[in-house]
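Participant: need a structure here:
(chains A and B)
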Amino acid sequence: MAKALKINKNTEQGILEFLRFLLENNKVKGVFTLKKISKDGAVAYSLITNPDELNDAVPFYPLMPVNGGKLLSRFTLKGSAKKPVVAVVKPCELRGFVELIKREQGSLENLFIISFTCGGVYPLKMAVDGTIEKNLSKYWDTVKKGEISADLRSACRGCTEFTPYTADITFDLIGNNDLDKKCVVFLNTKKGEEFAKGMKGEFLNKELDRKELEKLKSKREVEKKKLFDDIEVKEKGIDGLIEIFGKCIGCHGCSKVCPICYCKLCGFESSDFEYRPSNYEADFRKRGGIRVPPRTLFYHLGRLDHISISCVGCGSCEDVCPVDIPISIIFKKVGESVQKMFDYIPGKNVEEDIPLITFKEEEFAEVEE
Amino acid sequence: MKKDDKFMPKILAFLCNWCSYAGADLAGTSRIKYPSSIMAIRVMCSSRVDPILVIEAYLRGFDGVLVAGCHPGDCHYQKGNYYTRRRFVMLKKIVEDLGLESDRLRLSWISASEGQKFAKVSTEFTEKIKELGENSAKSEIFL
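Facilitator: Below is the predicted model:
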């Protein structure tokens, strides 16, 4: 059985062709993808049902306006999609979506997932001031060479999970010198093969080439270590944390954009979270003063406690932070060490339980004293 | 921080209703001595203790936080303490990675018949906290 499909178009045209094929042949009723909304590089996720609207679609655009996993969750929260829809998302967005499904915040039913080996995305600011358009050709050059583009989101520069785990179809972009000539699509699942059936192109028996990916992965590992080492939270203890998070203005933007923070009623935003006069009094007595509003560090540590087990490292939190706190690096650093302990990669497998809702009887005996 | 003999730590203890709280009760009725540093909060199960409560206690200035429940396999609700254990492992890791003092957090299994053990854990933990000194978060203004 064919495992891959070669389309004789460049990759950008290839995916549009494929999406158009799916729509026109009624294989799907809608396409969820990035679409240009202006000439200076602003894009937004859209659900497209009319094939003509695909002309402005830019599925591989190096920008993540909102984590697509979070959007797919909103799309399927109150019930799964009634008709088949294809979604083109980045690997970390897909992993975020899988984590949300595990939390019963979405459904994969009737969703057909296309993903790709991802070269990372630029910070949102670059789409706002239009610099992203100027950087595009540079970006694709580095992707072709399998290198790390400069100016990417810091989370992306140190991202080692850029190959999708659960996509039905994977487009291979990284280290692929022929991006401008041909387009190779890997059909990972039965569903993927079915959808590709009838598409113009050459069916091949080929596997995703891991060599180029491994090469980039080791480059990213080095970059990641550098990013982690620069943070130095561990060395400075509570004073260091206050230094880092003290700048926080309490907008809670990081939690609003986080794909894992899904609660509609967040405890940190409820009136219960507010200090009462007696709390202030107690702190005045005990500490001789208190930052206003209080509990900033508690908010961040609390969030870390809630989401570190499932943090997919998409970097949205840091990107929206108005005071540039390196949240995503801290969360990724702590998250990875927690996930390692449970041998868990968030979003890798939709059947696998979140480590905190399962257990083994014989484990971690050493933690009890 | 220096070791201070006069320093009496404040330790918040989350005790599960069915085992550890009863264990503490037994320590009391058996007139076993244990330090006055322990301030107990009774919870229905150790798995009721959201790690956030522990973090909050730490940031509000408690010198130590003890979470105690039934021995694994003996949970009144069959498996609550297994979940507690995983959460606690996670919490300790987070705290360690942030460079905070994970020694200020302790998880212990104390059954209803282990009054002696409750006293032992309390004493040991208090001694350890005395060595660590006061929780520096207590005097931080800029939390």
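Participant: from now on I want contacts and neighbour counts done on CA atoms only, so please keep to that.
Facilitator: OK.
Participant: the chain: strands as residue ranges?
Facilitator: If you meant another chain, say so; for now it's chain A. Counting by DSSP state E, one finds strands in chain A at the ranges A:4-7, A:30-36, A:43-48, A:85-88, A:111-116, A:169-171, A:183-187, A:202-204.
Participant: hmm, no, I was thinking of chain B.
Facilitator: Remark: strands assigned in chain B by DSSP E are B:11-16, B:38-43, B:64-69, B:105-109.
Participant: if we can go back for a sec, now render the strands of chain A as TSV, adding mean neighbour count and distance to B:Pro51.
Facilitator: Output for these, formatted as TSV (neighbours: other CA atoms under 10 Å in any protein chain shown; distance: least, CA to CA, whole Å):
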stretch	mean neighbour count	distance to B:Pro51
strand A:4-7	22	47
strand A:30-36	24	38
strand A:43-48	20	36
strand A:85-88	25	36
strand A:111-116	23	35
strand A:169-171	25	39
strand A:183-187	27	42
strand A:202-204	15	51
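Participant: ok, now how distant is B:Gly64 from chain A?
Facilitator: 14 Å (CA to the nearest CA, to the nearest Å).
Participant: and stretch A:362-369, what's its mean pLDDT?
Facilitator: What stretch A:362-369 shows for mean pLDDT is 90.
Participant: how far does that stretch sit from its chain's centre?
Facilitator: 34 Å (CA atoms, centre = their mean, to the nearest Å).
Participant: next: stretch B:21-37.
Facilitator: 15 Å.
Participant: and that stretch, end to end?
Facilitator: 16 Å (CA to CA, to the nearest Å).
Participant: do stretch B:55-68 as well
Facilitator: First-to-last distance for stretch B:55-68 - CA to CA - comes to 16 Å.
Participant: one step back: and the strands of chain A as TSV, adding distance to chain B and mean pLDDT?
Facilitator: Converted to TSV, the strands of chain A look like this (distance: least, CA to the nearest CA, whole Å; pLDDT from 0 to 100):
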stretch	distance to chain B	mean pLDDT
strand A:4-7	41	90
strand A:30-36	36	95
strand A:43-48	34	94
strand A:85-88	34	96
strand A:111-116	31	96
strand A:169-171	34	94
strand A:183-187	37	91
strand A:202-204	45	89
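Participant: and these as CSV, adding distance to A:Phe268?
Facilitator: Shown next, in CSV, are those (distance: least, CA to CA, whole Å):
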stretch, distance to A:Phe268
strand A:4-7, 48
strand A:30-36, 32
strand A:43-48, 28
strand A:85-88, 32
strand A:111-116, 33
strand A:169-171, 38
strand A:183-187, 43
strand A:202-204, 53
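Participant: for B:Arg48, which of those is the nearest?
Facilitator: strand A:111-116 (36.6 Å; CA to CA).
Participant: how many residues are close by the residue in the stretch 51-200 of chain A that chain B sits nearest to?
Facilitator: Going by CA to the nearest CA, chain B is nearest to A:Arg103 of the stretch 51-200 of chain A, at 16.8 Å. The local packing of A:Arg103 (other CA atoms under 10 Å in any protein chain shown) involves 13 other residues.
Participant: what pLDDT does A:Ser278 get?
Facilitator: For A:Ser278, the model assigns a pLDDT of 93.
Participant: roughly how far does it sit from chain B?
Facilitator: From A:Ser278 to chain B the distance is 14 Å (CA to the nearest CA).
Participant: please apply the same query to A:Val323.
Facilitator: Counting by CA to the nearest CA, the separation of A:Val323 from chain B is 17 Å.
Participant: correct me, but that residue touches A:Phe245?
Facilitator: No: using CA atoms under 8 Å, A:Val323 is not in contact with A:Phe245, being 9.7 Å away.
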